[in-house]
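# build the 3D model from these lines:
(one chain, ligands or ions: 1)
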Amino acid sequence: MSGVHYIAKQIGAIWQFHYPGRPLKSHICYSVSMPSGKIHDRVTLAFLPFVWLICRWGLHWGFWVCALVTLGAFIGGFWLSPDLDTRSRPFYRWGLLRFIWWPYHWAVRHRSVLSHGVWFASWLRLLYLSAVLALLYMAASLTLSRLGGIPFHSPRQDILRFAHAHIHDILWLGLGIWTGSLLHILLDKLCSSLGNRPHSRQKRR
Ligand SMILES: [Zn+2]
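I've put the predicted structure just below:
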């Protein structure tokens, strides 16, 4: 049993002990009372102040670092969620830009280790998004230089310069995204351990 699965089971057991007549699954899991997507959003929002407090008062990290980690947790729950591997609320939030996630959606099986893995899945999504944005930037630069007559300067150098200048900010933001994704996975595991799948592939969550 993984650590996250174990924690999810313990949360279920603690709830059961305190509220024996009120099954937790009826409060958080899909198919009983509310769609799981809404619950994911609400739990993410409720969790943000704790991320800030742990970061600022628990770990004594700087204001800017904590702002990045907290913002990352918000992004990790709302836009870079593990559920980008299916037609979910985070997927539809990308609006016209959701085409970015079509290849990911197509290549990654729902709830596989590549999207719902604890350690690397959120970093993989960040890497994937960075690669797509870099490609779009390069394509736009080339198009503008060809059609608009704007002198061509290497977009690759721009990207490398940006990454080099902001690598620490990107990593702190990535840590926050990882935290938001971890919360999502924990909630998924909690529903699984309670005997309900938190969502199905067919319905928008
Ligand atoms: Zn999920």
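# you'd agree Ser141 is up against Pro155?
Yes. Counting by Cβ atoms under 8 Å, Pro155 is a contact partner of Ser141 at 3.9 Å. C-beta here means a position set from N, CA and C on the backbone, and glycine is covered the same way.
# what about the longest helix in this protein?
Looking only at the chain and at elements set by DSSP state H, the helix with the highest residue count is helix 155-193.
# which other helices and strands does it contact?
Judged by 3 or more Cβ pairs under 8 Å, 6 or more residues apart in numbering; DSSP states H and E, helix 155-193 is in contact with helix 3-18, helix 25-28, helix 36-53, helix 63-78, helix 121-147.
# closest to the ion out of those helices?
Evaluated over those, closeness to the ion peaks at helix 36-53, with 7.5 Å, by Cβ to the ion.
# orientation of that closest one relative to helix 155-193 in degrees?
Between helix 36-53 and helix 155-193, the angle comes out at 110 degrees (axes from the mean of the first three to the mean of the last three Cα atoms, to 10 degrees).
# now do the buried residues in helix 36-53.
Taking 16 or more other Cβ atoms under 10 Å as the neighbour-count basis, helix 36-53 is seen to contain the buried residues Ser36, Gly37, Ile39, His40, Asp41, Val43, Thr44, Phe47, Leu48, Val51, Trp52.
# so it, near the ion or not?
No. Legend: contact between helix 36-53 and the ion by Cβ under 5 Å from the ion is lacking; minimum distance shown is 7.5 Å.
# which other helices and strands contact that helix?
In terms of contacts (3+ Cβ pairs under 8 Å, 6+ apart), helix 36-53 is packed against helix 25-28, helix 63-78, helix 89-93, helix 155-193.
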